[in-house]
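Student: sequence unknown, structure follows:
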């Protein structure tokens with residue numbers, strides 16, 4: 001092959017390759033940008049959802065322990081034996097969940113302190129009623145603080161969806177508060193059946209009003225969640241427990257109690273109403289946490305599907321880029337180049353028989369020029 005023909009072939013190949021690369025880059029760059037954006041955004045959302053589900057898992061045994069210590073407070077105030085076995089079972093359940101999730105939720109140090117406090121309280125077999133109220137109230141306050149720590153560090157309090165947010169509001173903020181306040185209200189009513197002094201009456205009124213206000217906030221929030229959710233199980237799963245809970249709250253602290261004096265009730269009625277409210281609150285809590293975890297699980301599934309779709313789209317984009325690059329290489333137009341003169345191909349002039357000058361091409365063969 002002559003130097004000029006080799007140069008032409010090489011130039012045409014370079015042009016084709018450059019065209020194919022340009023087409024591939026034009027397709028792959030936007031595909032890559034979209035893939036990175038989807039992947040990074042879903043990574044952050046997945047991390048958020050995983051943290052929230054950790055918080056839900058922690059709240060279930062923690063609320064059970066809060067219910068057990070609230071009942072222990074009432075038993076001690078009423079001079080009944082404290083069910084220490086139930087408290088220890090609840091402590092063991094929180095131990096287990098903190099062992100799994102405490103590092104991620106940064107709750108272990110606080111839980112160790114609360115655990116020690118709970119164990120100290122239940123080992124005392126006999127309290128005077130006022131001392132029992134004070135000592136167990138301190139435990140319950142610490143447990144409420146741990147509950148808020150779980151909500152903050154799991155980012156449950158920041159949930160952006162309306163339905164999940166209001167279910168979180170019920171299970172993280174309102175139900176634990178109502179458990180504690182209802183226990184305090186009943187126990188103070190037993191300790192001071194005639195109302196006590198001004199400070200005690202103020203405590204009773206404050207506890208009763210908090211119960212009523214928290215129940216109203218909880219109920220209104222869940223009704224908003226029912227109206228805004230896409231879940232087919234949220235409303236059916238919470239309607240009956242919510243009705244039972246509202247009935248139990250009305251028996252202890254009617255919604256009209258914000259300005260009304262405390263209703264006159266016997267001690268046995270107070271205790272029975274408090275027990276019913278505790279059971280209804282824990283039943284609603286179990287149902288709410290299950291529905292909240294289901295909402296978060298559905299969200300996590302949607303995030304996983306988005307990532308799968310992003311991967312499929314990226315693979316399709318790569319295949320399309322490869323096909324288009326091949327087609328561009330195959331059909332790329334090549335601009336003809338001016339042929340260079342090869343010294344070996346320059347014409348040789350000979351004379352014909354009649355004296356005419358005739359150009360003929362010459363080639364090297366065996367190291368000598370030969371006319372063709």
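Tutor: Yep, it's here. It should be emphasised that the depicted structure is a prediction, and the values quoted were computed from it without experimental measurement.
Student: report pLDDT for residue 24.
Tutor: Looking at residue 24, its pLDDT stands at 67.
Student: try residue 164
Tutor: On the pLDDT scale, residue 164 gets 95.
Student: spatially, what comes nearest to it if we skip its sequence neighbours?
Tutor: Excluding the flanking residues, the one nearest residue 164 by Cβ to Cβ, 6 or more residues apart in numbering is residue 295, at 4.7 Å. Any C-beta I mention is one placed from the backbone N, CA and C, and that applies to glycine too.
Student: contacts only, for the residue nearest to the spatial centre of the chain.
Tutor: Closest to where the C-alpha atoms of the chain average out (Cα atoms, centre = their mean) is residue 49, at 1.0 Å. Counting by Cβ atoms under 8 Å, 6 or more residues apart in numbering, residue 49 touches 296, 299, 300, 303.
Student: isn't the first one up against residue 53?
Tutor: Just to be clear, that refers to residue 296. Yes. Counting by Cβ atoms under 8 Å, residue 53 is a contact partner of residue 296 at 5.1 Å.
Student: which one's more surrounded, the two?
Tutor: Counted by other Cβ atoms under 10 Å, residue 296 and residue 53 do not tie: residue 296 has more neighbours, with 24 against 19.
Student: helix or strand for the more buried one, which one?
Tutor: Per DSSP states H and E: residue 296 is located in helix 267-331.
Student: so how far is that helix off the chain centroid?
Tutor: Relative to its chain's centre, helix 267-331 lies at 8 Å (Cα atoms, centre = their mean, to the nearest Å).
Student: who does it touch, helix- and strand-wise?
Tutor: Helices and strands touching helix 267-331, by 3 or more Cβ pairs under 8 Å, 6 or more residues apart in numbering; DSSP states H and E, are helix 3-77, helix 162-168, helix 175-191, helix 234-252.
Student: where in this protein is pLDDT low?
Tutor: Scanning the chain for pLDDT under 70 picks out the ranges 1-13, 20, 24, 27, 35, 38-43, 194-196, 255-264, 329, 332-372.
Student: let's see it at 80
Tutor: Within the chain, the segments meeting pLDDT under 80 span 1-45, 125-126, 193-200, 254-267, 302-314, 317-372.
Student: got the domain boundaries for it?
Tutor: For the chain, the structural domains run 33-312, 345-372, going by automatic domain parsing.
Student: to residue 125, which of the helices and strands packed on helix 267-331 lies closest?
Tutor: helix 3-77 (9.6 Å; Cβ to Cβ).
Student: that closest one vs helix 175-191, what angle?
Tutor: With axes from the mean of the first three to the mean of the last three Cα atoms, to 10 degrees defining the directions, helix 3-77 sits at 10 degrees from helix 175-191.
Student: what's the first helix or strand after helix 3-77?
Tutor: Counting by DSSP H and E, the element after helix 3-77 in chain order, helix or strand, is helix 84-105.
Student: check which helices and strands that following helix sits against.
Tutor: With contacts defined as 3+ Cβ pairs under 8 Å, 6+ apart, helix 84-105 has these neighbours: helix 3-77, helix 108-123, helix 129-153.
Student: make TSV from these and add distance to residue 218 to it.
Tutor: Formatted as TSV, the helices and strands packed on helix 84-105 follow (distance: least, Cβ to Cβ, whole Å):
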stretch	distance to residue 218
helix 3-77	14
helix 108-123	25
helix 129-153	15
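Student: which of those sits closest to residue 190?
Tutor: Each of the helices and strands packed on helix 84-105 was scored for nearness to residue 190 using Cβ to Cβ, and the closest is helix 3-77 (6.0 Å).
Student: pull the distance from the closest one to the chain's centre.
Tutor: Here the centre of helix 3-77 is set off from its chain's centre by 14 Å, with Cα atoms, centre = their mean.
Student: so it versus helix 129-153, what angle?
Tutor: Helix 3-77 runs at 170 degrees relative to helix 129-153, counting by the same axes, to 10 degrees.
Student: what's around residue 267, how many residues?
Tutor: 12.
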